[in-house]
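Participant: build me a model:
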Amino acid sequence: MISPLIRTQKIRKAYQSEVETVWAARDVDFEARPGEFVCIYGASGSGKSTLLNLLAGLDLADSGEIQVSGVDVATADEKQRAQLRLETVGVVFQDHNLIDEFTAVENVALPLEARGTSADAARTEAADQLRRVGLAGLEDRLPRQLSGGQRQRVGVARALTGNRAVLLADEPTGALDSAATLELFTLFRALCDEGITAVICSHDPRCRDYADTRYEIIDGRLEARS
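Facilitator: Just a heads-up that it's a prediction; the model follows:
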């Protein structure tokens, strides 16, 4: 069997308010292998976003182990976690986080230039990634000149640059219409068939139809679902 690219053991993350402890992750055990499409669903506030942030090293667990592509995320320092995101883990957000003044190809080239890739080489790979997500011919458009679904595809292309192996997406279809939502889920499925490992958190039940593995998260507890 192929070894997991992502593995967690007994992750715990809690937030303390004045009146109670709120669990965002409670003893979470989780694995994802190369080429696997994982869908995580649950109510708002159940812990989906926190789990993705922990996997990406954007937040730190209170306890437990997190291994992503051989990196011990739970014990890595800030520089090591940033390097993991730059080289291995791409994150897609609901609001796409594009720079309004940059064209699609410039937005996608940014992570490559941050790694020291020359501007010309970065632009070439960025254009290739845009073609990969179905945006050939739209490289020089600004975000405001793209539809919501197209902007999200730019975000996916940016997350894949530099041969990243892991794609994490937090409610990527939350602001999209039905047609654009299905197109994005279809894209994630195709990318996983190419070998990308994708962990997608979504309220949309249609995400489960495209996934290999499904989990429901309830008050920080992750439960496998068929």
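Participant: show me where this protein has strands.
Facilitator: Here the chain has its strands, by DSSP state E, at 6-16, 21-32, 37-41, 63-68, 71-72, 89-92, 166-170, 197-201, 213-218, 221-225.
Participant: pairing partners for the shortest one, with directions?
Facilitator: The sheet places strand 71-72 alongside strand 63-68 (antiparallel), with pairing taken from DSSP bridges.
Participant: what's the strand it pairs with in contact with?
Facilitator: Strand 63-68 is contacted from outside by 4-12, 25, 27-28, 54-55, 57, 72-74, 84, 88-89, 166, using CB atoms under 8 Å, 6 or more residues apart in numbering. All C-beta atoms are positioned from the backbone trio N, CA, C, and that covers glycine.
Participant: just the buried positions in it, please.
Facilitator: Buried residues in strand 63-68, counted by 16 or more other CB atoms under 10 Å: 64, 66-68.
Participant: buried sites along stretch 163-183?
Facilitator: If you call a residue buried by 16+ other CB under 10 Å, then stretch 163-183 has these buried ones: 164-173, 176, 180-183.
Participant: tell me where the protein has helices.
Facilitator: Assigned by DSSP state H, the chain shows helices spanning 48-56, 78-87, 104-114, 119-132, 148-160, 178-193, 207-210.
Participant: what comes up buried for the first one?
Facilitator: In other words, helix 48-56. Neighbour-count burial for helix 48-56, with 16+ other CB under 10 Å as criterion, is recorded at 48-56.
Participant: please apply the same query to the fifth one.
Facilitator: Within helix 148-160, the residues that count as buried by 16+ other CB under 10 Å are 149-160.
Participant: circling back to that earlier point, quick one, which of the strands of the chain is nearest to residue 111?
Facilitator: Between residue 111 and the strands of the chain, the shortest separation by CB to CB is 8.0 Å, and it involves strand 89-92.
Participant: and the closest one, what does it pack onto?
Facilitator: Applying 3 or more CB pairs under 8 Å, 6 or more residues apart in numbering; DSSP states H and E, one finds that strand 89-92 makes contact with helix 48-56, helix 148-160, strand 166-170.
Participant: do you know which of the ones you listed lies nearest residue 18?
Facilitator: Nearest to residue 18, of all the helices and strands packed on strand 89-92, is helix 48-56, at 19.9 Å by CB to CB.
Participant: which other residues reach the closest one?
Facilitator: 6, 8, 11, 13, 24-25, 28, 30, 40-42, 59-61, 66, 68, 73, 81, 84-85, 89, 91, 168-171, 199, 201, 217, 220, 222.
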